[in-house]
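Student: my questions are about this predicted structure, shown below with the sequence.
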Amino acid sequence: MATREEKIKIASGFLKAAPPGEINDVFNDVRALVGDDDLLDGGILGALEEYNTEELAVIVSKHGQIDGDRFLDPKSNQTFKLDHFRQIASDPEPHTVDEEIEDLRKVIEKDAEAYVADRYAEGVLAVYGSKGLITIAIVHNKYSPSNFWNGRWRSVWTLDTATSEVKGALKCKVHYYEDGNVQLETSKDVEDKLSKNSSDPHTAISKALMDLIAAAELKYQTALNESYHDLAESTFNGLRRALPYTRTKLDWNKILTYRIGAELAAK
């Protein structure tokens, strides 16, 4: 029989691997399997926190994590406490901004909001600024359980204002589960640099950053679409067996008359 620690580890693994939009379903299934609410309450909080911050749930990310269970909403300059079990925010408090970078952060935030509204129908974002770094976190969820699929796009971009270096992490996760269970999880890292010009105003820096992000995300999304096409046209076809083990083609109109076991034995 599994020990307490083993049960927590297994349950945490299931939760952290939950597909987009299905964390509550996975939690309920894990709860039924474990059969011990006290064990779950005391052991999986860390897994839920990791899931929320990595999946950018309601733009709760490690980039805005202030201390423990408190997170920053950079648009309102307030921190809040998050209940990771119920995903409920509470106890708002004012937050002191980094004045040296706040003006640039606001300009980038405005341009990033326009970018997301133009390209992601249901996308949301947060723009953080601290210690010389501007970080943009974008997430777009698309849930269609009636059609047996859910998906999530995430991208995090960080600009070092001192060096003009830009780093991006793009991630896509899709779950399709009609008459089966197929998951896609893919990622790409990007490193680039804005044209260095210390006299550039904030608007020029922001525009250059948005242009870089738009080009990189379009390139990655195009590559994904091409990969899907290749899978359908070549890879999956290659997996199909040209003939069954009997080495003869099946007449599907007579399928009920075949005695597969006897045919195999004869071979």
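Tutor: That came in fine, so what should we check first?

Student: for residue 158, see how far away residue 67 is.
Tutor: 21 Å (C-beta to C-beta, to the nearest Å). For every residue, glycine as well, the C-beta is placed using N, CA and C.

Student: more neighbours: which of those two?
Tutor: residue 158 (16 against 7; other C-beta atoms under 10 Å).

Student: which SS state does that one fall under?
Tutor: strand (DSSP: H, G, I helix; E, B strand; the rest coil).

Student: OK, contacts around it?
Tutor: 133, 134, 135, 136, 166, 167, 168 (C-beta atoms under 8 Å, 6 or more residues apart in numbering).

Student: what about 7 Å?
Tutor: Listed by C-beta atoms under 7 Å, 6 or more residues apart in numbering, the contact partners of residue 158 are 133, 135, 167.

Student: correct me, but the last one touches residue 192?
Tutor: Same thing as residue 167. No: checked against C-beta atoms under 7 Å, the pair residue 167 and residue 192 is beyond contact range at 8.2 Å.

Student: picking up where we left off before, buried subset of the contacts of residue 158?
Tutor: The neighbour count (16 or more other C-beta atoms under 10 Å) marks 133, 135 as buried among the contacts of residue 158.

Student: and the lengthiest helix in the chain, what does it pack against?
Tutor: Identified as the longest helix of the chain according to DSSP state H is helix 202-230. Judged by 3 or more C-beta pairs under 7 Å, 6 or more residues apart in numbering; DSSP states H and E, helix 202-230 is in contact with helix 99-119, strand 149-160, strand 165-176, strand 182-193.

Student: report the buried residues of that helix.
Tutor: For helix 202-230, by 16+ other C-beta under 10 Å, it's 205, 206, 207, 208, 209, 210, 212, 213, 216, 217, 220, 224.

Student: residue 126 - that's part of a helix, no?
Tutor: No: looking at residue 126 with three-state DSSP, it is strand, so not inside a helix.

Student: now the helices and strands packed on helix 202-230 as JSON lines including distance to residue 82?
Tutor: Below are the helices and strands packed on helix 202-230 laid out as JSON lines (distance: least, C-beta to C-beta, whole Å):
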{"stretch": "helix 99-119", "distance to residue 82": "21"}
{"stretch": "strand 149-160", "distance to residue 82": "18"}
{"stretch": "strand 165-176", "distance to residue 82": "21"}
{"stretch": "strand 182-193", "distance to residue 82": "25"}
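
Student: and the ones you listed as CSV, adding mean pLDDT and distance to residue 18?
Tutor: Putting these into CSV (pLDDT from 0 to 100; distance: least, C-beta to C-beta, whole Å) gives the following:
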stretch, mean pLDDT, distance to residue 18
helix 99-119, 93, 24
strand 149-160, 92, 10
strand 165-176, 92, 9
strand 182-193, 91, 11
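
Student: need the winner for burial among those.
Tutor: strand 149-160 (a mean of 21; mean count of other C-beta atoms under 10 Å).

Student: that strand to helix 99-119, inter-axis angle?
Tutor: Strand 149-160 runs at 150 degrees relative to helix 99-119, counting by axes from the mean of the first three to the mean of the last three C-alpha atoms, to 10 degrees.

Student: partner strands of strand 149-160 and their direction?
Tutor: Each strand that pairs with strand 149-160, with its direction, by DSSP bridges: strand 133-144 (antiparallel), strand 165-176 (antiparallel).

Student: could I have that strand exported to CSV, CA atoms only?
Tutor: Only the C-alpha atoms of strand 149-160 are listed here, as CSV (Å, rounded to 0.1, in the frame of the first residue of the first chain):
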residue,chain,number,x,y,z
TRP,A,149,-10.9,19.6,-26.8
ASN,A,150,-9.3,22.4,-24.8
GLY,A,151,-6.2,24.4,-25.4
ARG,A,152,-4.0,27.1,-23.9
TRP,A,153,-1.4,29.4,-25.4
ARG,A,154,1.2,31.0,-23.1
SER,A,155,4.1,33.4,-23.8
VAL,A,156,6.4,35.3,-21.5
TRP,A,157,8.7,38.0,-22.7
THR,A,158,11.3,39.7,-20.7
LEU,A,159,13.2,42.9,-21.7
ASP,A,160,16.4,43.9,-19.9
